[in-house]
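> Quick check, what structure comes out for this input:
(chains A, B and C)
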Amino acid sequence: MILKIDNVTKNFGGVTAINETAFGVAPREIFGLIGPNGAGKTTMFNIITGNYEPTLGEVFFKNESLKGLKPHQIVRKGIARTFQNIRLFSSMSVLDNVLIGFDFQARYSFAESILRFPRFIGEEKRIKARSMEILDYFDIAQFSKDKAVDLSYGQQRKVEIARALATNPDLLLLDEPAAGMNPSETEELGEIIKKARHDFDLTVLLIEHDMKFVNQMCDKVLVLDYGKTIFEGKPSDAIKDKEVITAYLGDFNHD
Amino acid sequence: MQISLTKHHGINVAIVAIAVWFIWFASGYFDEYTVRILNNIAIFIILAASYNLINGVTGQFSLEPNGFVAIGAYVTALLLITPDAKMYQYAIVDPYPFILTLHSNFIVALLLGGFFSAFLAFCLSMPVFRVRGDYLAIVTLGFGFIIKILAINTPEVTNGSLGLNDIPEFSNLYWTGGIAIVTVIVILNIVNSKFGRAMKAVRDDEDAAIAMGVNTFKAKTMAFCTSAFFEGIGGGLLAALLTSISPDLFDFFFTFQLLIIIVLGGLGSTTGAIIGTILVIGGSEWMRFLDEPMHLFGYTTTAMPGMRMVVFSLLLIFIMLFAREGIMGKREFKELFKSRTKGDK
Amino acid sequence: MDITIFMQQMLNGFSLGSMYALIAIGYTMVYGVLRLINFAHGDIMMVGAFLGYFGIAVLGLPFGAAVLLSIGGSALLGMFSDIVAYRPLRNAPKISLLITAIGVSFFLENAFNVFFGGVPRAFPVPTYLEEMVDFYGLMMPVSALLVPIVTAILLVVILWVLFKTKYGMAIRALAFDVGTVNLMGIDANRIISLVFGIGSALAAVGGVFWAINYPSVEPMMGVLVGLKAFAAAVVGGIGSVGGAVLGGLIIGFTEVVVIAFFPELGGYKDAFAFIFLILILLFKPTGILGIDFEKSRF
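Numbers count the residues shown, from 1 in each chain, chains lettered A, B, ... in the order given. Sure thing, here's the model as predicted:
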C-alpha cells in the first residue's frame, strides 16, 4: 500500500465529517473516492494533504506517518493535488505555472540567483526543458507563453495536472477532474490520466461525481456517506450495491 | 532560447550603460537644484523597487518603509558622524560611551544599516507570516510608530527629538545612482528566479502555491527581509544626503509617498516602480504650488500646507478605483515590445 | 498603594478601555463582513469628535444634540466611504481594498488638516459633565463614570441587534459566506452598509468621549487610537464583538496600570498595544474569543 488511511476521524466542532475511515491505495492504482455531497470526500483530501489535522487516526504514505507535516512538506514527500475549481496562478504564463512545481527541486541558492552563477543558469535551463516536456506530453506546449487563465477550461485543467506532475509525485490527488468539462473533453482527460499513470509511474486517488467516468477510470472505489465507509470494491459492483443506491437516491422502503 | 537570452542581455547592458552615462553627465553639467532632485529620485527608486517586492510581487500589503528607512538612517548616521562631532551634539543626556566609539567608512555603514533593518524584518516575520490575514499591514504600521517612539525616548542613542546632525555628506549622484542601478538589477534577478516565481505564486493563490510544495512562509520572509535591507540602505543614503535627521522625518507620509509611487507605476512591476518614482518625485516638486497661496480668477487664497497630501490621497483612491493596473500593470519594460496576439490584461 | 488611588486607577483603566472597545467594535465588524482592515476607522472617530466640537462650539447645540449630530454624521460618512471607495472593489484583489482604505484614511486626516488646521482645539465640555461626584468614597467627574456606563449600554444594544434581530442574523451570516447570503435573497451590500453605519456610529461616540477626556480635537487624533483599537480587536479575537470589548479593556487597563506602577515607562505607553498584538499573533492568532475564519478556505 502506498497510501494507508488508518482509522481517521475528523470533527468540526460537534460535526463529525469523517468517522473512523480506513482504506489503502496500492501503487499504480486508480482509486475513486465517491459519495453524495457532504459525505466527507474533500475533507479526506484535505487531511491527506495536511491542510486539516485528523482528530483521531493517522495517514501513512509509503509506510511513513504524515503526522505533523506541513502541507508543503507533504507535497515534497510525493503527494500532489489539483483543486475542484481550477486554481492556476492568474498572472503567470502556462510555463511559469508549471515551473512553480519545480520550486523545491531547483538546486540553487538565493545568492546564486542574484549573481547569476552558472549553476543558476544550468538549473533554470534544466527545469524549463523538463516543464516543456510535460507540457508537450499534455499537448499544450504551444501555449507555454500564454497566460494560463486565457486558455479554455479543458486546457486549464490539463495545465493544472501538468503543474501537479511537475512536483514529481508518486501519488496524485484529483478533486473532481471532470467537473465542468464536456463529454469529449472528459473522455480525452480520462485517457491521458490512464496513460500518465504508466508514463509517470503514478498512483491516482480521485474524487468524482460522474459515475460513467469513475466506472471507466477506477480500479477500485470507496463510497463514503456521512463520513462513514459504506462500500469498498470494484466500481461495477458499487452501482449495484443496495446501501450505495440508498445513500445516493434516499431510502424508499420505510420498514 | 539561447539567442533570445543574449538579445536580452544586449538590451540590459545598453540600458545600464545609458544610466551610468546619465549619472556622469548629470553630476558634471546639471545645476545643484536638479542634482538634488535626481539624488532624491535615485534614493526613491531604491525604496520603491524594494517596497514593490513585498507589496507588488509577493502581494503582502505592508506599510513598513518609514520604519526601516529610519533604522538605516540612524545606524548609518551613528557610524558616520565623527566622535568629535558626536561629543558636542548630545544635548538632552550624555550618550552611551559605545556610541562615541562607533565609526566606519561609508560602504560599511550603509551595509550595516541594511543588515540591521533586514534583521528586524526577520524578527517581525515570525509573528506575522505564520498566520493568515493582512496583519503585516497593521504590524508594520505599528512598527513605524514604535521606531519613532524609540527614537524619541532613547536620547542616549538618538539624541531624542533633536535628532542627529553633522552627518558627513557622503551621498552624491554616483553613490545614489550607482546603488539604485545595483538594487534594480538585484531585485530583477530575484524576481526572475525560482524565488521570484514563488513570491508571485503566493500573491496569485497562496493555497495553490502550497500545493506546489512552495514554502510560502519562506517566500514571504525572503521578500520582506530583502525589501527591508534595501530600505535600510536607502535610509543610510538619505541620512548622508541630508546631513541631519530627526524622528519627524520618518513619519507615515514617507510610506504613503512610496505607496503612491508603486501603485501609479503598477503593483508588481519593477519598471513601473521606476517610472512611478520619476513621476511622483518630479510631480511632487511641481505640485509645491498647491501648498502656497493661489491666485485664481483675481482672488488670492491663503497658503494651505498639506494640500499636496490631499491631492496625493485622492490620486491613490482614483487609481485604485479606475486604473488599478497602474501604468505598467505587472509587466516589465521588455515585455512592452513583445507582440501579443491575445489581450494582455 | 492606597485603596482610593487603586480604585481611581481601576476606573481610569475601565474608562480608557471602554473607549478603545467602542472603536474596536467597528474594526471587528467590518473585518467580519469584508475581511478588510478599515484603516480609515480611526479617522472616522476623529471626524465624530470634530462633529461634536462643531455642534457645540459653532452651532451652539446642547451637548446631547451635538452627540446625535456626531453619531448621525459619522454613520453617514462611514456608509458613504463604503459605497464610494470600497463597494466598487468587492471583486478586486484584497490588496486594492487595503490600499484604498489607506487612501481614505490619509485623505480624511489631511483634508481636516488643511481646512481646520493641525493645532488642537479645546473641546467645550459641558459643565455638568465636569462636576465631581462621590462614587463610593471616590471623587470623580461625571464624565469618567459616563464612559463605562454608556459603553456597557451600547454593548448590550449591539449584542441584541446581532443576535436577536434579522439584520443581526444577516450580519453574522455574511461573516461566514457572502455568496450564500446573496442566494438567500439578502442584499449583501445593504448589510455591509449597515455594518459601516453601526461601526462608525460607535466610533463617533468613542471620539466624543475621547474629546471630553483629553479635552481637545485635532486631525491626527484618530491615528494612534485607531491602531490601538485594531490591536484590541485582534487581541480579543477579530470578528467577535465581545472579543473587541475584552481586548479594548485589556489594553486600556494595561496602559493605565503599568504607568501607575512604573512611571518611568510613560514614554513607551503607546507601544503596549503593539506588543500585545505581536504576542497574540505569536501564541494565539485567533485571539481570546476569536473565530477561525480560515477554516472555510477549502
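> contacts, neighbours, all on C-alpha from now
Noted.
> So, low pLDDT: which residues of the stretch 1-150 of chain B?
Counting by pLDDT under 70, the stretch 1-150 of chain B contains low-confidence residues at B:1-8.
> Return the residues of it in contact with chain C.
For the stretch 1-150 of chain B, the residues found near chain C under the criterion Cα under 8 Å from any Cα of the partner chain are B:59-61, B:126-128, B:130-132, B:134, B:138-139, B:142-143, B:146, B:149-150.
> Could I have the buried ones of these as PyMOL selection syntax?
In PyMOL, selecting the buried portion of the residues of the stretch 1-150 of chain B next to chain C, with burial taken from 16 or more other Cα atoms under 10 Å in any protein chain shown, looks like this:
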select buried, chain B and resi 59+60+61+127+128+131+134+138+139+142+143+146+149+150
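> so which residue of the stretch 1-150 of chain C comes closest to chain A?
Closest to chain A within the stretch 1-150 of chain C is C:Pro93: 11.6 Å, counting by Cα to the nearest Cα.
> Distance-wise, check that residue relative to C:Tyr86.
Counting by Cα to Cα, to the nearest Å, the separation of C:Pro93 from C:Tyr86 is 12 Å.
> what about the closest residue to C:Lys228 other than its chain neighbours, neighbour count?
Closest residue to C:Lys228 in three dimensions, ignoring its sequence neighbours and counting by Cα to Cα, 6 or more residues apart in numbering or on different chains: C:Ala273, at 5.5 Å. Using other Cα atoms under 10 Å in any protein chain shown, the number of residues around C:Ala273 comes to 26.
> Sticking with the residue most central in space within chain A, tell me its helix or strand.
When Cα atoms, centre = their mean is applied to chain A, the residue found nearest the centroid is A:Leu173 (1.6 Å). Using DSSP states H and E, the secondary-structure element containing A:Leu173 is strand A:171-175.
> near chain C at all, that strand?
No. Under the criterion of Cα under 8 Å from any Cα, strand A:171-175 makes no contact with chain C; the nearest approach is 11.6 Å.
> what's the helix or strand just after that strand packed up against?
Where DSSP H and E defines the elements, the next helix or strand beyond strand A:171-175 is helix A:183-199. With contacts taken as 3 or more Cα pairs under 8 Å, 6 or more residues apart in numbering or on different chains; DSSP states H and E, helix A:183-199 sits against helix A:211-217.
> For residue 137, the count of nearby residues, please.
Since no chain was named, I'll use chain A. A:Tyr137 sits with 14 neighbouring residues when counted by other Cα under 10 Å.
> not quite, I wanted chain C
Burial of C:Gly137, expressed as a neighbour count using other Cα under 10 Å, amounts to 9.
> and it, what does it touch?
By Cα atoms under 8 Å, 6 or more residues apart in numbering or on different chains, the residues touching C:Gly137 are C:Thr4.
> now the strands: where do they sit in the stretch 51-200 of chain A?
With strands called from DSSP state E, counting those that start in this stretch, the stretch 51-200 of chain A shows them at A:56-61, A:64-65, A:79-81, A:171-175.
> Can I get those strands in JSON lines including distance to chain B and mean pLDDT?
Formatted as JSON lines, those follow (distance: least, Cα to the nearest Cα, whole Å; pLDDT from 0 to 100):
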{"stretch": "strand A:56-61", "distance to chain B": "16", "mean pLDDT": "94"}
{"stretch": "strand A:64-65", "distance to chain B": "18", "mean pLDDT": "94"}
{"stretch": "strand A:79-81", "distance to chain B": "7", "mean pLDDT": "96"}
{"stretch": "strand A:171-175", "distance to chain B": "11", "mean pLDDT": "95"}
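> For the residue lying closest to B:Asp166 once chain neighbours are set aside, which residues are in contact?
Spatial nearest neighbour of B:Asp166, excluding adjacent residues (Cα to Cα, 6+ apart): B:Thr243 at 5.7 Å. Applying Cα under 8 Å, 6+ apart to B:Thr243 gives the contacts B:165-169.
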